[in-house]
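In: Here is the input, now give the coordinates:
(chains A, B, C and D)
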There are 2 protein chains.
Amino acid sequence: MPKRFGTDPGNEEKGHPKRFECFKKAKHVNLKQLSQLLGLSQTTVSRALNGYPEVNAETRQRVLDAVRETGYRPNRAAQRLATGRAGSIGLVMPTADGIESDVHFGEFLAGLGDEAVKHDFHFVINPSHPEEEVATCRRLVASGNVDALFLAYMREKDPRIAMLKTLKTPFVVHGRSIGVPTDYPYLDIDNTGAFYDAARLLAQLGHRHFALINGPDYLAFSIRRKKGTVRALAEHGLTLREECVQHSQMTDEHGFRAMERFLQLETPPTAVLCSSTVLALGAVRAINQAGLKLGTDISLIAHDDVLPMLKPENFMVPLTTTRSSLRAAGQRIARRLIADILTLETLPQQELWKTDLIVRASTGPAPAGK
Amino acid sequence: MPKRFGTDPGNEEKGHPKRFECFKKAKHVNLKQLSQLLGLSQTTVSRALNGYPEVNAETRQRVLDAVRETGYRPNRAAQRLATGRAGSIGLVMPTADGIESDVHFGEFLAGLGDEAVKHDFHFVINPSHPEEEVATCRRLVASGNVDALFLAYMREKDPRIAMLKTLKTPFVVHGRSIGVPTDYPYLDIDNTGAFYDAARLLAQLGHRHFALINGPDYLAFSIRRKKGTVRALAEHGLTLREECVQHSQMTDEHGFRAMERFLQLETPPTAVLCSSTVLALGAVRAINQAGLKLGTDISLIAHDDVLPMLKPENFMVPLTTTRSSLRAAGQRIARRLIADILTLETLPQQELWKTDLIVRASTGPAPAGK
DNA sequence: AAGGAAATCCAAAGCGCTTTGAATTTTGGG
DNA sequence: CCCAAAATTCAAAGCGCTTTGGATTTCCTT
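Out: Predicted coordinates for the structure are as follows:
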């Protein structure tokens, strides 16, 4: 039971506002006070601040200066009420047994937060079983608590996209679906290209037997990475054997088991691609355990999301990687989402980031005779 | 530059509200409409909904029924403006090179979100270098964008607590600091007890040489876990050798290296405690690599935060663990935080959760003669 | 120098909710 | 049956911002 407030302390100010302003450690100035201070109307000040054109340049400058001096910050709740915008972005966090509430998510989130906090944007974090993602999205939008949505963990023919397009809520997708028109706003990295480049490098180094330790097979990025790999191999007259492909959560353990399995094959691979440095961790372990020398007996390239806690250069044998910062992607998406909200123009923007291929010690020429 | 709206579509409703209400797929009912519908004043309806006592029981029921029928949901922005409460909770996310924006954080966050979304609470996620945490907290509170703070990653004599106590913003700490009065609201698990229990079990099984693979040495939970271990050993006339203690980020790699190092000692430990299943992953790997048999040659107990992606029962040799769900902690803290905000009573509540000690196959009697 | 367009600026009306201060109805004791 | 106290209910005043619809001024054209 909420209890009633006593007399609102704010009322006591009424008598001698000036006095109290000194005491109450700069109790936030509000628009009214600011405009009085400037001898302008609230309208004009508001417009000056929000970049409307019908304000004299000089006046605007005066306002801006005053803002700096007084430390004025508009009350977000009031803005939200007046504009009808919620000032926050929603994100559905997949979460269930065996589903990746993983390292990668945290890193990405840090990027989002980084940017959002600069603009006083909030988050509504809505954990959801992957099965119910569509419903959760819809509910989130309907709640009116968010004015933009962030989507990730795209699948093939992901139903969320079509659904979101019917609503008028802006959204940005991290990744791209497959098999649906790509006319929605997204930010993705060139997964196909990354693994194409990586595989090609290894092929050029003479490797003929490849393996791929990938993410879950239902996620779009996994599919693309495989495609890139296959394509590069094809160009060298090589194929990727199905028994040399692993699809699973990107944990160390899965990396380990996959590699272990590969090494027991009749003709084990000498070149391995990993979808994450986390997977690589396990794979390298298996390689060591088998007594093989990374970079000599077997080459490995991993995709590096630039997780601060797992740096490829710190591996015993530094890892060759395709690199793209997950955090940077988070920042960028937050920026776009916020821009969308503020301008109200949902330009279906698409961005595809190239990855860097960074050669370190884990890659070398194919061992002779293999 | 924000562009001006056209004529507000909402205005068109004015003429024939009834008509449009049918079209605009149940455009949210607001308090005014609801009260008219009931033939009551907004005041009364508002009070009925917020649990104020001066409302007739029958009237309240009528209101509640109407809410159910109309699907009325108060506009949060308006509430925030009227009450001055922000309806959101702030969290400072430590993030820097080598700092754990780790798995554990994501899991905890899922718990927070789970609960918060039920009450329409938002988050303000503020990444910050650990060095600047105090300043970030202060700024976050000053921004007026949050009305409660969540703190984690407690250190010894953590300065944030004293700071927060001077502010009037409610907060809940996940964990407990050390060396400062514990008169603040916290939720912690009994780390000392957990590791005491674990170490005692191993001692009872005849183990005499112990090792501890712990989290960062500056974090309170690490300190407590070590203390619990030492205490249990002392009761059995044993000591924990300094060279058998590892403090580091809780990654697989650190677990591996630590274990590797231990096994090279003159007298290697036969009993190992790990602060996380993630660490255990690495440790187990090192054990296998050394050709030792887990549960026979060497026993291991890990603390299990119940990460969905790393279940102790799925290890090759299922892990004996001390268990406490991180996600449950997140939920509980969110609940408390929200309660604090709504009732405005900052009762300095303390909770200390006991952990479960679950015996699986990774523990066994000390090998003979060791 | 007059008239109209363009440039600026303003008063006031909300946005949807909470809370105050007072009115109205019930209830209970004498 | 009357009156004060208790129980209910209400009208109206904000909360701080945005936006509409004018008002006022300035600047050009002819």
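
In: domain parsing for chain A?
Out: A:19-74, A:88-188+A:327-353, A:191-325 (automatic domain parsing).

In: right, so those domains: which one is the most enclosed?
Out: domain A:191-325 (a mean of 21; mean count of other Cβ atoms under 10 Å in any protein chain shown). From N, CA and C alone the C-beta is placed, and that goes for glycine too.

In: ok, and does that one reach over to chain B?
Out: Yes. Under the criterion of Cβ under 8 Å from any Cβ of the partner chain, chain B is reached by domain A:191-325 at A:249, A:251-253, A:256, A:281-282, A:285, A:288-289, A:307-310.

In: Could you pull out the strands in the stretch 251-370 of chain A for me?
Out: Per DSSP state E, counting those that start in this stretch, the stretch 251-370 of chain A carries strands over the ranges A:271-274, A:299-304, A:320-323, A:350-353, A:356-358.

In: What separation do you get for the residue nearest to residue A:136 when sequence neighbours are not counted and residue A:135?
Out: Leaving aside its sequence neighbours, residue A:136 sits nearest to residue A:128 (Cβ to Cβ, 6 or more residues apart in numbering or on different chains; 3.9 Å). Using Cβ to Cβ, to the nearest Å, residue A:128 is found at 8 Å from residue A:135.

In: contacting residues for residue A:246?
Out: The contact partners of residue A:246, by Cβ atoms under 8 Å, 6 or more residues apart in numbering or on different chains, come to A:211, A:212, A:213, A:214, A:254, A:258, A:261, A:262.

In: hmm, 6 Å instead?
Out: By Cβ atoms under 6 Å, 6 or more residues apart in numbering or on different chains, the contact set of residue A:246 is A:213, A:258.

In: Do I have it right that residue A:270 meets residue A:209?
Out: Yes. Look at residue A:270 against residue A:209 with Cβ atoms under 6 Å: they come within range, at 5.3 Å.

In: tell me, what residue is most central in chain A?
Out: The centroid of chain A falls nearest to residue A:330 when counting by Cα atoms, centre = their mean (3.5 Å).

In: Identify the residue nearest it in space, chain neighbours excluded?
Out: Here the residue nearest residue A:330, using Cβ to Cβ, 6+ apart, is residue A:111, at 2.2 Å.

In: farthest pair in the residues of domain A:191-325 next to chain B?
Out: Pairwise distances across those (Cβ to Cβ) peak at 27.0 Å, for the pair A:289 and A:308.

In: Now do the contacts for residue A:272.
Out: A:211, A:300 are the contacts of residue A:272 under Cβ under 6 Å, 6+ apart.

In: For residue A:212, see how far away it is.
Out: 7 Å.

In: Residue A:359 now?
Out: Relative to residue A:212, residue A:359 is positioned 19 Å away (Cβ to Cβ).

In: hang on, the earlier thing: just checking, the residue nearest to residue A:136 touches residue A:92?
Out: Yes. Residue A:128 is within contact range of residue A:92, at 5.1 Å (criterion: Cβ under 6 Å).

In: what is in contact with the two at once?
Out: With Cβ under 6 Å, 6+ apart as the test, residue A:128 and residue A:92 both reach residue A:136.

In: Excluding residues flanking it in the chain, which one is nearest residue A:261?
Out: Once flanking residues are discounted, residue A:261 sits nearest to residue A:246: 7.5 Å by Cβ to Cβ, 6+ apart.

In: Tell me, what's the model's pLDDT at that neighbour?
Out: pLDDT, residue A:246: 97.

In: Just say helix, strand or coil for it.
Out: strand (DSSP: H, G, I helix; E, B strand; the rest coil).

In: Could you give the bridge partners of it?
Out: residue A:213 (DSSP bridges).

In: want to throw the residues of domain A:191-325 next to chain B into CSV with distance to DNA strand C and pLDDT?
Out: Shown next, in CSV, are the residues of domain A:191-325 next to chain B (distance: Cβ to the nearest atom of the strand, whole Å; pLDDT from 0 to 100):
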residue, distance to DNA strand C, pLDDT
A:249, 43, 87
A:251, 45, 82
A:252, 49, 79
A:253, 49, 81
A:256, 54, 90
A:281, 51, 88
A:282, 52, 88
A:285, 56, 85
A:288, 62, 91
A:289, 62, 87
A:307, 43, 85
A:308, 42, 77
A:309, 43, 72
A:310, 47, 80
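
In: Where does the prediction get shaky in chain A?
Out: Flagging of chain A using pLDDT under 70 yields the residue ranges A:1-27, A:96-103, A:344-348, A:370.
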